[in-house]
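>>> Below are the sequence and a predicted model for it; my questions follow.
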Amino acid sequence: MTSQRQDLVLFSNQSVIPSIQDEQHRMFLITSTGSSGPQWLINAFVETHSKGSPQSLNGASGRNTNTNNDNHNVMTTILSLVHGKEHYTSNFQKLQINSNEYNIVDCMTDLVMKQIPKYQGNKLKLLQSIVDQIDNNTRQVIILDQPEFLLSLVAGLTADELFNHFINLIWRKCRLLIINNNVDMFQDGVINDNVNRDFVEFQRFVTMCHYKAAVILNLRPLATGHAKDITGTLKITRGGVNWDDEKSNIHVVENEYLYLTEKDSTRLFYG
Amino acid sequence: MSFRKRGEMLNGGGPGGPGAMRRTLPNRGGVLPNRGAAPGRTSMAPPTADNNNRIPVRGASNSAVSSVGLTTGMNKLNINSDDAMQVDESDNNMELLMELNHPGVRPSTVSANLVASTGCFDLDKLLSHMGLPLGHSLLIEEETTTDFQSILTKLFAVQGVVHNRLNGTGDAHKQGNTHVVFISMNQFMAKELPGVYKGSRKEIKKSKIKEEENKLSVQNLANQESKAQPTRYKDLKIAWKYKYNDESSGKKHGLDDNNDLTLSDDYKDYTSQFDITSRLLPAATPQELSFISPMQPVPTILSQLETIIKKHKDKLIRIVVPSFLHPAMYPPQMFSLPNAVGLLHGLKSIVKKHSNRTVMLMTLSKEPLTLLLQTQIESMFDGIVDLEPFPQEMLQYLEKIYKGQPNKVQHGLVHLIKLPVFSDRGEMHHKHAEYAFKNGKKRFEIEEWSIPVDDGVDDGSDKNKKEDSSNPQRQEAQKQTKQAVDF
């Protein structure tokens, strides 16, 4: 296959996370599936925020990407419902990111055993207790890994409650919120025969994220299954909210890459 | 194998000596007939000084491991010293010691993880790591109402019990190295675990003869000189030149890969072969196997599991969740998202918390589940394998093609959806319909799948040809026709 290796670019000024001049809060949405995990993309965002560019992508290049060094001494916070602290720590250690440049809020360990029984019957207080674990720093970037799991874990929680009492509160604590949603159940246009209340709530939550996001990064596995040279496709599209930053005058560049992830490294290609 | 060497091992290996870790099951009579007694196989060689030097973590005595092996283990596990300090030091040491000496734990062939066997050699191989990495979970799904998943559940559990009994003493049941935890109502499973495969009738007879020959007697000692030479030099005068003998013995045990063959010497007790038509004797005891009822509230189930894990501090814990959400075994309220996903989220949390010494296997029938519940369950697992049994028509087709060779008939397809460690990194290992499985008395085999060719038409034409050649009148008529055409 003849293909041209490319660097990850989301905006017209060749950047991944542009320097935000105004006081607005923005959101990126990653949609992924079980077989095309987004860990490499989360790593790339953390790396971009701490080092200025996603240096681990495409080997040691990142040369064409516009580096943004305004973010030194600004934390990246990762809140995950599916992975423990060790998972992210080992990943970031491999990328040589200092441990004081990120903060991990582990919502997987003991959530079901301790936290949920503690706030039995008061779901909003439970959400507030999780939000309180995140520091207040409006310059920081927060990454939420599969927050939709709270719809499964907390009995009677609706998509509106999750968005208003969890996502919005976290969003106010940062300038950029990156949400990763698992969209396995919506793949390939599967129409579910058993559309029940739970399914509708999930659908509503994912749809709300699409409307509120400025950039949508869709990871899809290769339809034909495992291959040695391609893992899947990364499609970058504009979300429901415009990136209207008048000072910098930039816009989202819609694009589609092929990518290959193997042995802790990821390479992007044009198809 | 030299009988003199065996004698040396028995004499030299004291109760806590170098040979202690290599003891076999008491009910196997000291030797597995289908493994160690195979001609040309070197894996039963006693742990000599050379072996100990080569694999210090396996054959070394406990004192040596505590000083040297621990640092090796730290390096091997890639544990950051700062992180390690956060964990209780004594508990960590116990866990590391257990890992370094455990016969059912070995390094992954493709990553820096330690892995435990699933009890099925082919499944271990399919997972790429030669087992399930510690601190990871595996989901086995089945698409129809068949019950092949239960075989894998039993193999996973019984492998733990067999490892637990490897010390060979009566105390092994109490002070073993592995504990199996079932989250299930079906307590009869403890009695249904399959026994270790002891070989065919011929092999059992041969092993008995060899046992007799093993016993110390004047006649046996006199014959030792001649028997010390491998039998292949006498029996196989041509084949040995092509290393046929060694290779065939390796293949017999499913170890045809060169790397695996060399590793198998070091990890000979890692995976056992089981006979699913037999039962494990003596049956697993409560010291080896615990049951937790899924009828209780989720926090109670999780706290009971954590108590068991803490109680068996220096053991490998194998958590088994057979037939999750089976309508006969789970109450209706368990099918709600908060309960079903909550239980799995809690189990994952516990497995990750004790990632140095726990592995989890769960089986699931996809029939009664909604798509949402299924995807949420799948998100909780590090590895997913899907079994799709063939419909009746396909089985009949395969039986027709493999007429006279019923052992070749596959029973269904194996789809690989997620691989532990790799899928977490973002690698895609979705392999649909690339493998097939067949369940036999001796093994649950997984092999590459290709649709067999039905050569029934060719057979028919061959038959016609034969009939033509056997019929002189028809030959005569054909000749005449040919002459007429020539004219």
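That came in fine, so what should we check first?

>>> OK, contacts around the nearest residue to residue B:111 once chain neighbours are set aside?
Leaving aside its sequence neighbours, residue B:111 sits nearest to residue B:421 (C-beta to C-beta, 6 or more residues apart in numbering or on different chains; 5.2 Å). No exception for glycine: its C-beta is placed from N, CA and C like everyone else's. By C-beta atoms under 8 Å, 6 or more residues apart in numbering or on different chains, residue B:421 lies in contact with B:108, B:111, B:113, B:129, B:133, B:136, B:382.

>>> among the residues you listed, which two are most distant?
B:108 and B:382 (12.9 Å; C-beta to C-beta).

>>> which residues do those two both contact?
Shared contacts of residue B:108 and residue B:382, counting by C-beta under 8 Å, 6+ apart, come down to B:133, B:421.

>>> Who has more neighbours out of those two?
Taking other C-beta atoms under 10 Å in any protein chain shown, residue B:108 and residue B:382 do not tie; residue B:382 has more neighbours (23 against 19).

>>> wait, what's in contact with the closest residue to residue A:167 other than its chain neighbours?
Excluding its sequence neighbours, the residue lying closest to residue A:167 (C-beta to C-beta, 6+ apart) is residue A:147, at 6.8 Å. Under the criterion of C-beta under 8 Å, 6+ apart, the neighbours of residue A:147 are A:79, A:81, A:162, A:166-167, A:179, A:181.

>>> give me that answer again for 7 Å
A:81, A:166-167, A:179 (C-beta atoms under 7 Å, 6 or more residues apart in numbering or on different chains).

>>> again, but for residue B:298
So residue B:298 contacts A:112, B:339, B:342-343, B:346 (C-beta under 7 Å, 6+ apart).

>>> out of these, who has the most neighbours?
residue B:346 (27 neighbours).

>>> What is the three-state secondary structure of that one?
At residue B:346, secondary structure determined by DSSP: H, G, I helix; E, B strand; the rest coil is helix.

>>> hang on, it packs against residue A:112?
Yes: counting by C-beta atoms under 7 Å, residue A:112 is a contact partner of residue B:346 at 3.9 Å.

>>> Tell me how far the residue nearest to residue A:167 lies from residue A:81.
Distance, residue A:147 to residue A:81, by C-beta to C-beta, to the nearest Å: 6 Å.

>>> what residues does the stretch 251-400 of chain B put near chain A?
B:298-299, B:302-303, B:337-338, B:341-342, B:345-346, B:348-349, B:352-353, B:370-372, B:375-376, B:378-379 (C-beta under 7 Å from any C-beta of the partner chain).

>>> among these, which are in helices?
Of those, the ones assigned to helices by DSSP state H are B:298-299, B:302-303, B:337-338, B:341-342, B:345-346, B:348-349, B:352-353, B:371-372, B:375-376, B:378-379.

>>> how about the longest helix along chain A as CSV, C-alpha atoms only?
Under DSSP H, the helix in chain A containing the largest number of residues is helix A:197-212. Extracted C-alpha coordinates of helix A:197-212, given in CSV (Å, rounded to 0.1, in the frame of the first residue of the first chain):
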residue,chain,number,x,y,z
ARG,A,197,-35.6,3.0,28.8
ASP,A,198,-31.9,2.3,29.6
PHE,A,199,-31.1,2.2,25.9
VAL,A,200,-32.8,5.5,25.3
GLU,A,201,-30.9,7.2,28.1
PHE,A,202,-27.6,6.0,26.7
GLN,A,203,-28.6,7.2,23.3
ARG,A,204,-29.6,10.6,24.7
PHE,A,205,-26.3,11.0,26.6
VAL,A,206,-24.2,10.2,23.5
THR,A,207,-26.3,12.5,21.3
MET,A,208,-26.0,15.4,23.9
CYS,A,209,-22.2,14.9,23.8
HIS,A,210,-22.2,15.2,20.0
TYR,A,211,-24.2,18.4,20.2
LYS,A,212,-22.0,20.0,22.9
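
>>> buried sites along that helix?
For helix A:197-212, burial by neighbour count (16 or more other C-beta atoms under 10 Å in any protein chain shown) applies to A:198-199, A:201-206, A:208-210, A:212.

>>> all strands for chain A, in order.
In chain A, the strands defined using DSSP state E lie at A:26-32, A:76-80, A:102-106, A:141-145, A:176-182, A:215-221, A:232-238, A:255-262, A:265-270.

>>> ok so, going back, report the two of the contacts of residue A:147 separated the most.
Maximum pairwise distance in the contacts of residue A:147, criterion C-beta to C-beta, is 12.9 Å, between A:81 and A:167.

>>> any weak-confidence spans in the chain?
I went with chain A, as the question did not name one. A:1-5, A:21-22, A:59-73, A:188-194, A:245-246, A:271 (pLDDT under 70).

>>> Let me rephrase: I mean chain B.
For chain B, counting by pLDDT under 70, the residues that fall below are B:1-100, B:167-174, B:216, B:218-265, B:456-487.
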